[in-house]
Structures are given as structure tokens and as C-alpha cells.
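Asker: need a structure here:
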Amino acid sequence: NNSFNNVYFANVLGTSRLFNGKYNKVNFSSNSILYGDCNFDTLIFSPGKIYTLDAKKIYTINKSFNARGNTCFPIYIKSSNSGTQSIISRESGEVSCDFLSLTDIKATGGAKFYAGTYTNAIGSNNEGWIFSNAPGYVYGFGADTILCKGDVLNTYNFNGGLSYLWHDGSTKSFHTVDITGLYWVQVTYGDNCVYSDSINIEIISNAFVNAGPDVLVCQKWTPKQVKVQIKDGIAPYELNWDPSIGISDPKSPSITISNDSTRQYVVNIKSANGCYARDTILYIVIESLKPKITREGLFLKSNFSFGNQWYLDDEIIIGATEQKIFPLKSGIYTVRIIDSNGCKSEVSDQMYYNLNDINNPIIVVGNYQGYPGDQIQIEINLVNKEYLKKNNITKISFDLDFNASLLSTTDFKVNNFSNKTAKISFKDIEADYLSTLPLKQLLFSVGLGNSEQCSLNISNVELTGGNSEIVIINGLFTLLGICNEGGKRLINPDGQPVLLSISPNPSDANVSIDLNLIENGNTSLKIYNSTGEIVFQQNFLNQTGNIKLNVESTYLSNGLYFVSLQTPTILKLKQLIIYK
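Answerer: Residues are numbered from 1 along each chain as shown. Down below sits the predicted model:
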């Protein structure tokens, strides 16, 4: 009289044994002997196995009796004593079995026990069984049918195959139907045991439903309008939203969603032909952003790595959008976060910063960003100048190092050490202790470059008139807009667009010019004669990739020409010789 939950006999060597008791679920996959009266919520017998039930004992099933063999491996159920019945009982409902071999087994209790068409009754001492299929059960596929595109053709009625091979080579236990035609499957149950079946399926069209893009709100309970698009299938359509919470009308294609938290909604569509379609949408509530400021050495730091905007005495600091900033003035600093969705935070707590706490002069280069083709101004500031004065320093010299493929200037002499490194040297700058202007202001043009970022480093600092410890705060430049949606990155490893070839050159016939454009924006190719007159021009707007141009040379006289490729950031020239 023991009571158990789930019992599973899997591949037991020899024969497994179960003794009288009360069981929640028992799953046999080996030959088994059942002793004494037993009570089951669920009892499962496996194909090809022999199950011996104690004679005269009652095996009560409360919910489910799963006993279906297959064409290769029937299930053998017999009494332990030949000629004496064992009893399987269920109070009500239907029991659907098939491919059994029954010997001295009585079915009773009020339920209908369907043994199945393929069941074999041995002897005349089996009682209470209906030797036909239960309603709705057909072995294999059954009759040809009509299905909706995307419905699943399963092999549940094949009763426990080990492997499957479909007409198209698929080996899953199910097949998703998509076209009208003949479907067949070969089911393998064991060595040298294969069963095949086929079915003709007519596909009827589903409706197509689109609930639109996910919706995003910065505050809970913000209402958002959603309109569902439905096409194809057969009207009229039945529509419902799941869940209905927060939906203005759960059966309407035009709704208002309002909720206090992020939630996924499903819209279900049923066409008049019985086919279903569905789509999902997310109502996303952005959690409140709570910015905080901490000190990190000489810097102020936000607790967010993105979307920062800094303020000094409630006034916005233009360009101060990095996680860390170096304060150039004493005062009260705050930060606000604007995330990628445009949601704004509250302003952070205040942080007072006093530059007099730093007992050294400081050279500061800020952090900057820009798009290809932009003109940006980079400032080099000198902070705490009074400490220079105390040490009788009258002049300052230093170098600024940067990436010449990202930043170029015509205002200062640039020493290029490589495509990645350039240097501008500033000599003997007067240490004007009273001036509030930056130490230097530099105008740069932004190019595509060979990197997304470059350091703005101060080096080789020299002081004239005295000595002082100087703190250097280097900067960083970040290139923006270097990607196209769905396209390749627009960084050129060489930092320049490519004028691939001009052929033939010299030319006595038409000229072929091959380009490789990597930069969006206004681009033009021009050919100038030796006097500077434009003799050919081709414009490109937001056009990238390989381009081939053919230039007729019949109207070009002999001589030297210049081919000019002008992009938003780069000018490149090549010579062309016409000789007929």
C-alpha cells in the first residue's frame, strides 16, 4: 500500500517488477511484471514489450492508459495465470489502444476500451474490449486532407518510430506543409522494420498579419496607437489580442496600448477558411535612468557610459557628452542622460568642483566627435595659470599628436610620421596669465580615416623661464556616421577613396576610369586641361562601390590633362595624357 509519484523503467535488463501500490505516473519501456492491486493516474506501455499482470488482480487507471504498439512491434499484455483473467479498470471516458496482443485480460469499470483495428485477441477469455479504432484515431496519415500553409503534419499516429525520412530528405518526426502535393514518410521502428505512408495535401492560403514595429515609451502608462495590417486569406477575419490587459479593444485591429511595464502582445487572426495567422509586438517601458557623479582623480565621471550631457551651473557644456570630463572651471556640475531611444533622465545630484584644489598648471585637450566632411574646432586649454606665474614661466612649447587620416588642417604645419600619426609643434607660446581664451584653437576637417577613434595627445612640453610640474589631460576624437544601415562599414583602411585606374594612359582612344567610392555625400570626378578648363564632369550623390566611367576622347586634343576626384573629405589627382 505504498504511494509513489513518477516511476520510469527504462531499458531494464531482464524484466522489471512493480508491486501493489498507488502511483501517479508509471512509464514502462522494458518487459515488466505487475503484482497485486495497483492504482495509476497514468500508465504507459511501450511497443514490442511483454507486460504480465497478476491474475485476479485489479489495475485501476484514473486518467490515462497509453498502450499503442505499431506495425512492427505490438504490445503484449497477458495474465500471469493462463485461463484466469487480470482486470484493467477505468470508471469513465475512452481508452484508445492499438497493435495489442491480449491474453486473458478483462476491461471494465464503465469506460469504453478501444483495443484498435490491429489488435490481436488470443483465446476467448478477453472481455470488455472494442476491437475497432477509437473515434478520431487512424494509424498513419489517414485520408487526404486540406491544411493551411505552415500547418504541421505529425507522425503521432505512427506510434513510436525510432527515425523518420520524408520525401524531401527531412528527418524530423514532423513536417511543416507549404505547398500542395504528395507528402510521404518512411518510419523505421527497428532493424529490418520499416513502415511507409503517404498523403495528398491541398494547401489553402493564410492571412498575412503585421502588427507593426515595437512601441517604446519613456514613462509607464503612456498610450501608444497600433494599427494591424491584414491581407490575403479569406475575409471576414476574426481578431483577438492576447493578453487583453492594457488593450483598448482586444478584438479591434486599431488599438491603444497603455501599461505600467514591458509586455509582449500577440494578435491572432482567423480567416473565414479556418486558417490562422499571428504577429507579436512589444510595448517597451524604459526604466527610469538615475545618473550619478563621482570623482575619479582629476575627472568627474557619470555612472552611465552612454548618452551623457554635462552642465555647469545649470548651463549646458557644449560637446561635453562623454562619460568622464575634466572640469575647466570651478562650479557646480550636473549630468543628464539621454538614451538611444530619446528618453531623458532627471538631472543628477550636484557636484561642486574647485580648480584651486589642484596645485599644478594643467594642459587640457577635450573629447570631440564629428562626421566625415565636418569642420570641427579643437581647443587646447591652460588651467591654473597662476602656478606658472609663481614659477616665473613665460613661454610654453609642446606638440599635439593625432591621426592624419581622420583629421586634417591647413592652418598649421603638420609633420606626418605615417598615415596614422601626425604632429603639430607649437613653439614659445606666451603664457598670458590674464587671458581667458584657450591656449590654442585648431580648425580640422574630418575624414573617413582608417580608424573610428584617435587620441589627441600632448607631448614634448617645454617651459621657458622656470620649472613647474604640469598635469596633462589628453583628448579623444571619435568618428561618427561611419556605417550605412544594412551596408558595409565606411572606414577606408588607407584613409582615402581609391582612384583605381585610368586606361589606356597615354590614350589615343576612349578613356576608361575605374573608381572605388566608399564615402556617402557629394562626390565629383572632373577632367581639367592644362589651362584649368573643365572638359569632363561626372557627379555622384550617396553612391558607393566600384564605378566604371567611359570618357570619349574624340573632342580632346593632344596634351596633358588632370583627373580630379573630389569627395566630401578628400581630393585626389592623377595625370592623363592624350596622344593621337
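Asker: thought Ser29 was touching Pro47?
Answerer: No. Using Cβ atoms under 8 Å, Ser29 makes no contact with Pro47, being 9.4 Å away. No exception for glycine: its C-beta is placed from N, CA and C like everyone else's.
Asker: show me the shaky parts of the stretch 201-350 of the chain.
Answerer: By pLDDT under 70, the stretch 201-350 of the chain has no low-scoring segment.
Asker: how about the stretch 451-580 of the chain?
Answerer: Residue ranges of the stretch 451-580 of the chain with pLDDT under 70: 482-500, 519-521, 542, 568-569.
Asker: would you map the strands across it?
Answerer: Listed in chain order, the strands of the stretch 451-580 of the chain (DSSP state E, counting those that start in this stretch) span 453-464, 471-473, 475-479, 498-503, 511-517, 522-528, 534-541, 545-551, 559-566, 571-578.
Asker: how far off strand 453-464 does the third one point, in degrees?
Answerer: In other words, strand 475-479. Calculated by axes from the mean of the first three to the mean of the last three Cα atoms, to 10 degrees, strand 475-479 forms an angle of 150 degrees with strand 453-464.
Asker: can you show me the CA trace of strand 475-479 as PDB?
Answerer: Taking C-alpha atoms only, strand 475-479 is exported to PDB below (Å, rounded to 0.1, in the frame of the first residue of the first chain):
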ATOM      1  CA  GLY A 475      41.700  64.100 -25.500                       C
ATOM      2  CA  LEU A 476      40.000  61.700 -27.800                       C
ATOM      3  CA  PHE A 477      38.300  62.200 -31.200                       C
ATOM      4  CA  THR A 478      35.500  59.900 -32.300                       C
ATOM      5  CA  LEU A 479      34.300  59.500 -35.900                       C
END
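Asker: list the contacts of that strand.
Answerer: With contacts defined as Cβ atoms under 8 Å, 6 or more residues apart in numbering, strand 475-479 is touched by 322, 364-372, 378, 402-403, 406-407, 446, 448-449, 451-456, 491.
Asker: ok, stretch 261-277 next?
Answerer: Residues from elsewhere that reach stretch 261-277, judged by Cβ under 8 Å, 6+ apart: 148-149, 204-209, 211, 220, 228, 230, 233-243, 245-247, 253, 257, 278-285.
Asker: now do 7 Å
Answerer: Stretch 261-277 has contacts (Cβ atoms under 7 Å, 6 or more residues apart in numbering) with 148, 204-209, 211, 220, 228, 230, 233-242, 246, 257, 278-285.
Asker: likewise for stretch 95-104?
Answerer: With contact meaning Cβ under 7 Å, 6+ apart, stretch 95-104 is reached by 65, 67-71, 74-79, 82-86, 111-123, 125-126, 129, 133-134, 137, 139, 159.
Asker: now for the helix or strand where Arg17 lies, which elements pack on it?
Answerer: For Arg17, the element it lies in under DSSP states H and E is strand 16-18. Judged by 3 or more Cβ pairs under 7 Å, 6 or more residues apart in numbering; DSSP states H and E, strand 16-18 is in contact with strand 32-34.
Asker: what count of nearby residues applies to the nearest residue to Ile286 once chain neighbours are set aside?
Answerer: Distances taken as Cβ to Cβ, 6 or more residues apart in numbering put Cys343 closest to Ile286, at 4.6 Å, once the chain neighbours are dropped. The tally of other residues near Cys343 (other Cβ atoms under 10 Å) stands at 18.
Asker: same thing with Pro243?
Answerer: Neighbours around Pro243, by other Cβ under 10 Å: 12.
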